[in-house]
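Sequence first, then the predicted structure:
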Amino acid sequence: MSVVAPLIAAALPFVVWPLELLLPSPAVVEELAKAATIFFFNRSVPRFNPLRTALVMGVMFALSESVMYMFNIISVGNLSTLFLRLLITIPLHTSTSFLIAKNVFASKKQACLGILGAIALHAVFNWIIRSYSAALPF
């Protein structure tokens with residue numbers, strides 16, 4: 001895997017943030033952005049490793065997304081809130097990236113199902129967080 005993949009994954013939250021303000025579903029925007037990145041690396045990197053790519057992309061995406069939200073988190077919570085957010089979002093973004101990446105080598109139908117599965121998982125996650133937001137510190 002090239003060093004460019006983690007850099008792109010780290011930049012994605014900042015790139016897609018304006019789109020998330022315009023479109024009603026952040027899950028769709030974020031997962032499509034990760035899917036586009038994974039498809040690009042699948043085609044351009046000779047020894048594409050879906051598991052490693054999903055792990056790196058998920059962690060980097062969650063880290064940079066949390067950095068983006070950090071200023072709001074610190075104003076309404078404390079530093080432990082940031083760590084809790086990381087504890088929750090790193091597994092989410094890693095698993096949704098893996099759902100996409102593991103289907104990249106398969107047919108177009110399986111790739112689409114992987115993307116839809118990732119969007120569904122992310123949407124359910126967001127719904128659960130919104131439903132229990134009074135109990136969470138962010």
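Nice, thanks for sending it over.

Skip the chain neighbours and tell me the closest residue to T37.
I8 (5.4 Å; Cβ to Cβ, 6 or more residues apart in numbering). For the C-beta atoms, the positions are set from N, CA and C on the backbone; glycine is no exception.

SS state for the one you found?
Per DSSP: H, G, I helix; E, B strand; the rest coil, the secondary structure class of I8 is helix.

pull the longest helix from the chain.
helix 50-76 (DSSP state H).

Counting by contacts, list what it packs against.
helix 4-22, helix 26-44, helix 79-101 (3 or more Cβ pairs under 8 Å, 6 or more residues apart in numbering; DSSP states H and E).

I'd like to check the angle between it and helix 26-44, please.
Using axes from the mean of the first three to the mean of the last three Cα atoms, to 10 degrees, the direction of helix 50-76 lies 150 degrees away from that of helix 26-44.

rewinding a little: nearest to E65, out of the helices and strands packed on helix 50-76?
Of all these, it is helix 4-22 that lies closest to E65, at 4.0 Å by Cβ to Cβ.

quick one: buried residues of the closest one?
5-6, 8-10, 12-13, 16, 20 (16 or more other Cβ atoms under 10 Å).

With respect to pLDDT, which of these ranks lowest?
Among those, A5 carries the lowest pLDDT, at 71.

Geometric centre of the chain: which residue is closest?
H93 (3.8 Å; Cα atoms, centre = their mean).

Report the contact partners of that residue.
Residues in contact with H93, defined by Cβ atoms under 8 Å, 6 or more residues apart in numbering, are 34, 57-59, 61-62, 65.

same question, L55
By Cβ under 8 Å, 6+ apart, the neighbours of L55 are 94, 97-98.

Recalculate using a threshold of 7 Å.
T94 (Cβ atoms under 7 Å, 6 or more residues apart in numbering).

now V16: how far from A106?
Taking Cβ to Cβ, to the nearest Å as the measure, V16 falls 25 Å from A106.

what about L82, neighbour count?
Neighbours of L82 under the rule other Cβ atoms under 10 Å: 18.

go on, Q110?
By other Cβ under 10 Å, 13 other residues sit near Q110.
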